[in-house]
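**Q** Quick one: sequence plus predicted model below, questions after.
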Amino acid sequence: MKLWTTQPVAFYEELMEKGINYCKHVSQMAEDYHVAYQWMVEQMLERIGEPPLPDIKQPIWAWYQYTCKKKRKPTLSSLNKTNPEEREVLMELEMPDCVVLLSDFDLWHYPLNHWFLGADRKLDKLCEPYYGHTEFDKRPSEVQRVIMDSWVKIFDLNHRNRYYASKARKNRSIQATLWLVKKEYVVSAVEY
C-alpha cells in the first residue's frame, strides 16, 4: 500500500540511521484530543494488532488519499507544517496492507469533536443534549458508549452521512495510521 507521511527531519534521519522509527512521545494533539486518539489506538489494537515494540506511544499518521483518487499524493504546497520553524520531510512509503488502518479523514472529526455519527434519530436525540460539551468524560456512560460505537463508521470508506453525502468515495481524503516506519518502506523523501 502506498502512503505519504510528513515527519520532522530528525525523525527521518533517525529512521535512516537505525532502520526503524516510531512515536516515542505523546504529541500535544493527542493530549488535547485524548478521547479520540485513545479510541483510535483501541481500534488499531483490534484491527491490526499490538504495536511491535513496547515503547511506541502513539500511532504515526499518513495519507492514503490526500484529496481524491487522481490526487492521492499531497503536494508540498498543500501541507500544513506542525511547527513552521522546523524542517520536515514528506516521505512516500510502500507498506504491507496488514500493518495499516485506513479511515475517512472528514469523518475522523466526529471522534475529535465527540459527535454521534449515525442516522438513528432515537440515539441522536439521546446524544443531542451533550453536543458542544467538550468534557466527554463527564457525559453519562450510556451516552459515551453510544457515541463511541457510532464512530466505527469512519472505517467504512463508502459511508455517507448527511453532511458529507455529496462526496463520492473517490473524492474522499483517506488517512492511515500505523505503528512504525521501517527504512525499507521508504520509496522517496523530500525535505521542505
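**A** Noted; the coordinates are in hand.
**Q** Wait, residue 14 touches residue 24, no?
**A** No. Between residue 14 and residue 24 there is no contact under C-beta atoms under 8 Å: 9.5 Å. No exception for glycine: its C-beta is placed from N, CA and C like everyone else's.
**Q** Show me which of those two is the more surrounded one.
**A** Neighbours were counted for residue 14 and for residue 24 using other C-beta atoms under 10 Å; residue 14 has more, 16 against 12.
**Q** Report the contact partners of the more buried one.
**A** By C-beta atoms under 8 Å, 6 or more residues apart in numbering, the contact list for residue 14 reads residue 21.
**Q** Quote the end-to-end distance of stretch 80-91.
**A** In stretch 80-91, first residue to last residue: 15 Å (C-alpha to C-alpha, to the nearest Å).
**Q** same question, stretch 119-139
**A** 21 Å.
**Q** What lies in contact with it?
**A** In contact with stretch 119-139 (C-beta under 8 Å, 6+ apart) are residues 35, 114-116, 118, 142-144, 146-147, 150, 161-162.
**Q** Check those against residue 189 and report the nearest one.
**A** residue 35 (33.1 Å; C-beta to C-beta).
**Q** Tell me the secondary structure at that closest one.
**A** helix (DSSP: H, G, I helix; E, B strand; the rest coil).
**Q** before we move on, what about the one 4 residues further on?
**A** When states are read from three-state DSSP, the local structure at residue 39 comes out as helix.
**Q** give me the number of residues near the nearest residue to it once chain neighbours are set aside?
**A** In space, and not counting its chain neighbours, residue 39 is closest to residue 111: 5.7 Å by C-beta to C-beta, 6 or more residues apart in numbering. Neighbour count of residue 111, defined by other C-beta under 10 Å: 25.
**Q** Pop out the phi and psi values for residue 111.
**A** phi -60, psi -40 (degrees, to the nearest 10).
**Q** going forward, begin numbering at 545 instead of 1
**A** With 545 as the first residue, the last one maps to residue 655.
**Q** That one contacts residue 582, doesn't it?
**A** No. The pair residue 655 and residue 582 does not pass the contact test of C-beta under 8 Å, sitting 9.8 Å apart.
**Q** how about the residue nearest to residue 583, what does it touch?
**A** Residue 655 touches 579-580, 583-584, 692, 695, 698, counting by C-beta under 8 Å, 6+ apart.
**Q** go again using 10 Å as the cut-off
**A** Counting by C-beta atoms under 10 Å, 6 or more residues apart in numbering, residue 655 touches 577, 579-584, 587, 647, 661, 680, 691-692, 694-696, 698.
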